[in-house]
Each structure stands twice: as structure tokens, then as C-alpha cells.
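*Asks:* Show me how the following folds:
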Amino acid sequence: MTVPVPMWPQPLDPLHSFALSAGVAALPLLLILILMGGLRKSGLFASGCGLALTVLLAIAVWRMPPMMVVSSTAFGALFALWPILWIVFGGLWLFNLTQDTGKFDLLRRWMEEHASGDPCIQVILVAFCFGALLEGCAGFGAPVALTSCLLVGLGFEARKAILVSLIANTAPVAFGALGIPIVALAGATGLDLTKLSAMVGRQIPFLSFVLPAYLVWVMARGKGLKRVWPAVLAAGGTFALAQFLVSNLWGPYAADVIAASLSVAAVVGLLRVWKPRGELATEVSSVGKLSSQQSFAAWLPWVILSVVMILWSWLGLLTKGQVSIPIPTLHNQVLITLYQKPYSALYGFQPLAAGTAVFVSVLITAICFRIRPGVVATAGWKTVRQLAIPGLTVMTIVGLTYLYNYSGMAYTLGAAAARVGPAFPILSSYLGWLACFLSGSDSASNLLFGNLQVAAAHQLHLNPILTAATNSSGAVAGKMISPQNIAVGVTTVGLIGQEGRILRATFWHSVLFAGLIGLLAWAQAYWLTSMIP
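*Replies:* Presented below is the predicted three-dimensional model:
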């Protein structure tokens, strides 16, 4: 006869003082903040120190059994490896392949050719549309680095180029890197992926719609808006509508890629029949106008990616062959005392995960362009080297997050945050904003605070789908002030050492965006409840 293993109950208030317990639970997050934001240490070093402190507190204060500490941390690292890093690897591999074969340069020249003329049009097409495409495919600082560099090449002053690129790198962030933030959020919280995607898709498109107008206002105030308002509507309207539809009907994976591609097509199509009144022409250095064949080649990899991702989701391939693996010493052996129910720990391995779809897109791209296998392999190995340190960082931060959740530290913080009462949806946005500022990543923000948001929602009788999604939506506003994102951007435009000035220039824009998302979430929590899936 098998003797059932008794469950370990998470202590909600291990120090018998709720304020003190919550303060101690926040120490690993504060340590990461100090190391990254204050002392400018690397993400790997900061997350490693944060994980070490979390392990210490989980054992010494929360009295978590050491084997559960090991299992929960390993569970997080495994989830980071597959599916998160598998998706990122595929996206970067495709990006590197287009670079190594010259197809990305063709795309850059296409953007330069069609964005020449009015600086406000250039900001819309390059910073907003093209930046969103890069964010949707790769993320990790590439959009800011490449769009600011391209804007400088178009004649922009360096500080203005980095400013508008950082502000533009907000609306696509929640669905960036082929939907990784939403995938991470679902994994950390156990909530339904499609519902989280739909909820974020009922918040972020409002920002997407107004963002082109906001960028033009930053560039040229009211005069600029008056001059290019048709392009503003075409870009923002198309992007917002596509982002809403894809995120609600197909899921998070291709929302940005499709929305950005359609937005580019809408603006370019408009410019064929309309020109800004009093257009300010600028000289653009070019090696000649692209042929229709070159233009087709420039866009083909991204079209292939979009089509494959849509078909993959439409045919339901993501869950085909999925295997659920119980994590030893952890599955249903932790009691969530806040809810009085066991905490499951099932690793769902999906051989046909979204990363596999991206890998298929890489192969199809290679076949279409007749790229030699050696070139494809070289681009893949280049991607492995690029992801070595970031990959370890992601595995460390996700391991920390899972330990944070299974030890009960996240629930302690969530119960404390719930004490703000009905105003919590607004705070919910700023929690995501803060976490993204700390980590530089919407995905990491969701992993850090996703379960905290769920715990607070249950305490306040709010819908956890809303609060968890608001964490991701609020995080997009923190991206523009993230030290890592700024550091990547300044290196390409010759502003190294001026990170502080750039952060000050973007700070209040960031605060405003997070506040608007928080107010929307507050309205959805109490007035517009039908918007919650």
C-alpha cells in the first residue's frame, strides 16, 4: 500500500507580521533593481544573485523543503529552454539568415526608399512599422538599435532618433518575439493562453492606434499632425485592428508580424495616391532603386513567417503530440494556502511548439532562396553564440520566478498588494511597468509579477485574466526606460555615456503610457467587464 506524501503548505505570513513578510519577500526583486538599475551589473549577474537570495529565503524563512526548491527552480529553467528560448532561437536564426544573405539589407533599402521625404512619414514607417516588425520577430533590443540607426542615416539628429525609436518600441512589445511574453505569462500563472492573448489584445490596440500620432507630435507637434494625419490614421488604424483580430482569433504568435506588415502596406499604398502637404524632402543616400524582384525578396522571409505561423495556429498543430510530465517531488505536493488547493506542476512538452513553426519558416526561406546548407548552419551557429548569455539569463530569471511562485513568496506579495483595494487595476499596470524597467523584458516582467497579479486578483475578487494581462500591457511602457534597451540603442547612434539623458527624456512618456493602460484596466474591471474574455 502506497502511503500518500503529505503536502507542504505555503506559509502566507512566515514572520507573523504581514508587512515584514512582504518586505522580506520583495528583497530579491530589490536586489535585482539595485544591481541592474543602480550598479549597472549584467542581467545574468543580477538574476543569479536574485536567485541565490530567493533560494536562501525560501529555505530559511518560508521553510520550503530543499528538494522542492531544486525541483521548482529546475522546472522554471526547463520551461525557459522549451518553449521560450526555442521560439527566440528560431526568430533570431531567421533574422541572422536574412542578414547574412543580404535580404535584410534589401529590406532596409526598401524602407529607406519608401520612407524618404517627410520626416514625420519616416518616423511612422521606420520607427513604428518597421520597428514593430523587428520586435515581432526578434525583440531583445534589435528594434531600437536598427530603427534609430536607420533614422540617423535618413538625416535625423541622434538624440531625436533614439527618443522616437524608444517610444515606438512599446505597442508591439506585449506580442514581441513571436508572442513570447504571453507564452511566459501563461506558463507562470497557469491561466489560459488564448484568453490572456485576447485580453492583452483588448488593451494594447488602443495604444497602438494613437502611437503614430504621438510619435508625430513628439517630432513636430500639431503642425506635423495636421500635415500627415492620413498616414497616422492608416498606420495606427491598420496596426491596431490587425493586432486586435490576430490576438483574439489566432493567438499571440503572429500578432505583431501580421499587424506590422499590413501597417507598412497601408502606409506605402497611401503614399502612392497621397503626399503630405508641404512635404519636406530629404536627400537619401542610395545605391539605386530596388527592382520589383528585389522588393519581393526583401519581404519574402517575413511573409513566409507570417503564413506559417497563421497555418500552424489555424491547424491546431501547437498541441499535437503534447506530453504532460509531472515534476517529481513538486506536482500536487504544494498546498496554496491562499486558495486552499494543491499546486500542480505539469511540464507540457510540445514538439510542435511555435519555435518549431519558426524553424520550418527558416527552412522554407532557405529553400526559396536556394541558400546553401552551410550558410544556413553558419547563421544557426551564430544565433547559438548570440543567445548563450541571454539564454542563461532567461533560464535563471524563469527559475527564480518558478521558485518565487512555488515557495509562496509571490502569494505573500500578492496578498500585500491587494490591500490597496479597488484601485489595484491601476497599480497592476505600474507593477508590470516597474518589472519591465528592472528586467528590460516584458517576458521577464510577466514571469516576475504574473502570479502576484493573480494572487491579488483572487483577494479582491477581480478576474485574474484581467490583472495578469494588465501586467503585460503595463510592462510595454517600461520598455522605453529600461537601462538595457537604452544601452543597446545608444551604441548604434554614437551616444554611449548619455544613457541618463535619454532615460530622462523618455521617463514621463513612459509614466503617461502606463497610467493610461492602468485607467483602461480599471474601467474594464468595474465598468467594461464584457471586454474580459
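*Asks:* What mean pLDDT does stretch 472-479 get?
*Replies:* For stretch 472-479, mean pLDDT is 94.
*Asks:* Would you mark the buried spots in that stretch?
*Replies:* Residues of stretch 472-479 classed as buried: 472, 473, 474, 475, 476, 477, 478, 479 (neighbour count, 16 or more other Cβ atoms under 10 Å). The C-beta positions use only the backbone N, C-alpha and C, and glycine is treated the same way.
*Asks:* would you list every one of the strands in this structure?
*Replies:* Per DSSP state E, the chain carries strands over the ranges 8-9, 323-326, 334-336, 341-343, 346-349.
*Asks:* And for residue 429, the neighbour number?
*Replies:* Residue 429 has 30 neighbouring residues, counting by other Cβ atoms under 10 Å.
*Asks:* picking up where we left off before, what's the closest of the strands of the chain to residue 429?
*Replies:* Nearest of those to residue 429, taken as Cβ to Cβ: strand 334-336 at 25.1 Å.
*Asks:* Which secondary structure element of the chain has the lowest mean pLDDT?
*Replies:* helix 483-493 (a mean of 67; mean pLDDT, DSSP states H and E).
*Asks:* Export the strands of the chain to TSV and append columns for mean pLDDT.
*Replies:* TSV is the format used below for the strands of the chain (pLDDT from 0 to 100):
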stretch	mean pLDDT
strand 8-9	94
strand 323-326	94
strand 334-336	91
strand 341-343	87
strand 346-349	91
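*Asks:* Run a quick neighbour tally on the closest residue to residue 506 other than its chain neighbours.
*Replies:* Nearest residue to residue 506 in three dimensions, chain neighbours excluded: residue 480, at 4.6 Å (Cβ to Cβ, 6 or more residues apart in numbering). By other Cβ under 10 Å, the residues close to residue 480 number 28.
*Asks:* is it true that residue 480 touches residue 166?
*Replies:* Yes - if you go by Cβ atoms under 8 Å, residue 480 and residue 166 touch, sitting 4.2 Å apart.
*Asks:* list the residues that contact both of these two?
*Replies:* Jointly contacting residue 480 and residue 166 under the rule Cβ atoms under 8 Å, 6 or more residues apart in numbering are residue 506.
*Asks:* re the thing from before, tell me which entries of the buried residues of stretch 472-479 lie within helices.
*Replies:* 472, 473, 474, 475, 476, 477, 478 (DSSP state H).
*Asks:* so who does the closest residue to residue 387 other than its chain neighbours touch?
*Replies:* Ranked by Cβ to Cβ, 6+ apart and with sequence neighbours excluded, the top spatial neighbour of residue 387 is residue 89, at 6.0 Å. The contact partners of residue 89, by Cβ under 8 Å, 6+ apart, come to 355, 383, 384, 387.
*Asks:* which stretches of the stretch 151-300 of the chain aren't confidently modelled?
*Replies:* With pLDDT under 70 as the threshold, the stretch 151-300 of the chain has low-confidence stretches at 278-288.
*Asks:* Show me the helices in it, by range?
*Replies:* Counting by DSSP state H, counting those that start in this stretch, the stretch 151-300 of the chain has helices at residues 158-168, 176-189, 193-200, 204-249, 255-273, 292-314.
*Asks:* ok, which stretches of the stretch 301-450 of the chain are helices?
*Replies:* So, for the stretch 301-450 of the chain - with DSSP H, counting those that start in this stretch - the helices run 354-368, 373-407, 409-417, 424-439, 442-460.
*Asks:* Residue 59 is nearest to which of those?
*Replies:* Closest to residue 59 of the helices of the stretch 301-450 of the chain is helix 373-407 (Cβ to Cβ; 8.8 Å).
*Asks:* now the closest one against helix 176-189, angle please.
*Replies:* 30 degrees (axes from the mean of the first three to the mean of the last three Cα atoms, to 10 degrees).
*Asks:* Which strands or helices does helix 373-407 pack on?
*Replies:* Packing partners of helix 373-407 (3 or more Cβ pairs under 8 Å, 6 or more residues apart in numbering; DSSP states H and E): helix 43-60, helix 66-79, helix 86-100, helix 176-189, helix 354-368, helix 442-460.
*Asks:* Can you add distance to residue 466 and give those helices back as TSV?
*Replies:* Formatted as TSV, the helices and strands packed on helix 373-407 follow (distance: least, Cβ to Cβ, whole Å):
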stretch	distance to residue 466
helix 43-60	27
helix 66-79	24
helix 86-100	25
helix 176-189	12
helix 354-368	24
helix 442-460	7
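*Asks:* Tell me which of those sits nearest to residue 158.
*Replies:* For residue 158, the closest of those is helix 86-100, at 22.9 Å, according to Cβ to Cβ.
*Asks:* one step back: now flag whichever of the contacts of residue 89 is closest to residue 35.
*Replies:* Lowest distance from residue 35 to the contacts of residue 89 (Cβ to Cβ) belongs to residue 387, with 21.9 Å.
*Asks:* Could you check how many residues crowd around the closest one?
*Replies:* Close neighbours of residue 387, defined as other Cβ under 10 Å, add up to 18.
*Asks:* before we move on, what about residue 151?
*Replies:* For residue 151, the neighbour count with other Cβ under 10 Å is 25.
*Asks:* Could you pull up the contacting residues of it?
*Replies:* Neighbours of residue 151 in contact, by Cβ under 8 Å, 6+ apart: 122, 123, 126, 127, 160, 161, 164, 165.
*Asks:* any idea how far it is from residue 263?
*Replies:* Taking Cβ to Cβ, to the nearest Å as the measure, residue 151 and residue 263 are separated by 17 Å.
*Asks:* Ok, residue 519 next?
*Replies:* On the measure of Cβ to Cβ, residue 519 and residue 263 end up 25 Å apart.
*Asks:* Neighbour count: the two, which is higher?
*Replies:* Using other Cβ under 10 Å as the criterion, residue 519 and residue 263 rank with residue 263 on top: 29 against 13.
*Asks:* returning to what we had before: tell me which residues touch the residue nearest to residue 506, please.
*Replies:* 166, 167, 169, 170, 506, 509, 510.
*Asks:* export those residues to TSV and tack on neighbour count and distance to residue 77?
*Replies:* As requested, those are exported to TSV (neighbours: other Cβ atoms under 10 Å; distance: Cβ to Cβ, whole Å):
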residue	neighbour count	distance to residue 77
166	28	31
167	26	34
169	29	28
170	29	29
506	22	33
509	18	35
510	23	31
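*Asks:* List just the nearest of those to residue 299.
*Replies:* residue 169 (21.3 Å).
*Asks:* Show the backbone phi and psi for that closest one.
*Replies:* phi -80, psi 50 (degrees, to the nearest 10).
*Asks:* Report the separation between the residue nearest to residue 387 and residue 133.
*Replies:* Look at residue 89 and residue 133: by Cβ to Cβ, they are 19 Å apart.
*Asks:* go on, residue 381?
*Replies:* Taking Cβ to Cβ, one finds residue 381 at 25 Å from residue 133.
*Asks:* of all the helices of the stretch 151-300 of the chain, which lies closest to residue 490?
*Replies:* Between residue 490 and those, the shortest gap by Cβ to Cβ is with helix 158-168, which sits at 6.3 Å.
*Asks:* Alpha carbons of the closest one, as CSV, please.
*Replies:* Output in CSV follows, covering the C-alpha atoms of helix 158-168 (Å, rounded to 0.1, in the frame of the first residue of the first chain):
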residue,chain,number,x,y,z
ALA,A,158,21.0,61.1,-33.0
ARG,A,159,19.1,62.0,-29.8
LYS,A,160,15.8,62.5,-31.6
ALA,A,161,16.3,59.2,-33.4
ILE,A,162,16.8,57.2,-30.2
LEU,A,163,14.0,59.0,-28.5
VAL,A,164,11.3,58.2,-31.1
SER,A,165,12.6,54.7,-31.5
LEU,A,166,12.3,54.0,-27.8
ILE,A,167,8.8,55.5,-27.7
ALA,A,168,7.8,53.5,-30.8
